[in-house]
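Engineer: Turn this into a model:
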Amino acid sequence: MAYSALSDVREKIKRAEKHIADLKIAISEFTGTGPYSITVDVETEPAKPLVHILKADLVPPEISLIAGDAIQNLRSTLDYLACALVRTNGKDPGPLIEFPIFDKPITTSKLEDRFCRKVEGMRKEVIDQLRDIHAYQGGDNLLWRLHRLNIVDKHNMLVAAWGNITAVNGLPPLTDQWNGNRWASVPGVPLTLKEGDKFSVPGVKVDKNTQFFAEVVFNEPNVAEGYPVILALRQFRRRVFAVIGELSWSLK
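Structural biologist: Presented below is the predicted three-dimensional model:
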């Protein structure tokens, strides 16, 4: 590649991968302490057994902090890419250059002005391609969630909790689906869990021998509620890699 800036892009995403690896270890160590306990009450109403959350320890701050670091590096990777796209065009990136991600489509003159400031100095065909990515809520939602979670983390520690409950037997695993900004849940199962919660699972055979599994999830309403943390970071990483690939032709 003609510009060393692409090397910076790769180094930044490698740093994100290091944080993701560290996060897996931290979550594994936490779950190894037996932080949650679930049982099924089949005595009160056999036809509709209740699942009880007997124990759900708070997710340690370390996990939220590492997740925030990974998100920051992935989001910054895109900004490094934006600066590389300007340099490839023989210009110096100004302080307002960044990878353009918005909360809604660019349909007003105000948003158009903001978009133009973020991509100033790039080649027209690159700018057109950036528009076609549709990096906004309702367009490319992965990029939008990455962006919004990064903003949250700049002001407050990301909230992590227990959720995305599945079972070794009986309860089908959740799929990669969204309902608005909430993770699609099996009917009756809360998106996040806390000690003392009780719920039933309509239409699914659950008995006292059913073994449950819960994951650490983001609990950020209107952005990523019930979204499994490790899955989210993997998807963000994969999407950032794809964007780099889509724009790599302009960096040669």
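Engineer: Output the below-cut-off pLDDT ranges for the stretch 1-150 of the chain.
Structural biologist: Low-confidence segments of the stretch 1-150 of the chain, defined by pLDDT under 70, span residues 1-5, 43-49.
Engineer: now the strands for it?
Structural biologist: Along the stretch 1-150 of the chain, counting by DSSP state E, counting those that start in this stretch, strands occupy 36-41, 50-56.
Engineer: Just the residues contacting the shortest one, thanks.
Structural biologist: When you say that, I think you mean strand 36-41. Strand 36-41 has contacts (C-beta atoms under 8 Å, 6 or more residues apart in numbering) with 49-57, 162, 165, 193, 206-208, 210, 212, 214. Just so you know, the C-beta spots here come from the backbone N, C-alpha and C atoms, and that holds for glycine as well.
Engineer: Mind checking which of those residues are buried?
Structural biologist: For the contacts of strand 36-41, a neighbour count by 16 or more other C-beta atoms under 10 Å gives the buried set as 49-53, 56, 162, 165, 193, 206, 210, 212, 214.
Engineer: Just send the strands of the stretch 1-150 of the chain back as a markdown table, with distance to Asn156 too.
Structural biologist: Formatted as a markdown table, the strands of the stretch 1-150 of the chain follow (distance: least, C-beta to C-beta, whole Å):
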| stretch | distance to Asn156 |
| --- | --- |
| strand 36-41 | 24 |
| strand 50-56 | 21 |
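Engineer: For Lys104, which of those strands is the nearest?
Structural biologist: Of all the strands of the stretch 1-150 of the chain, strand 50-56 sits nearest to Lys104, with 35.7 Å by C-beta to C-beta.
Engineer: All set now, cheers.
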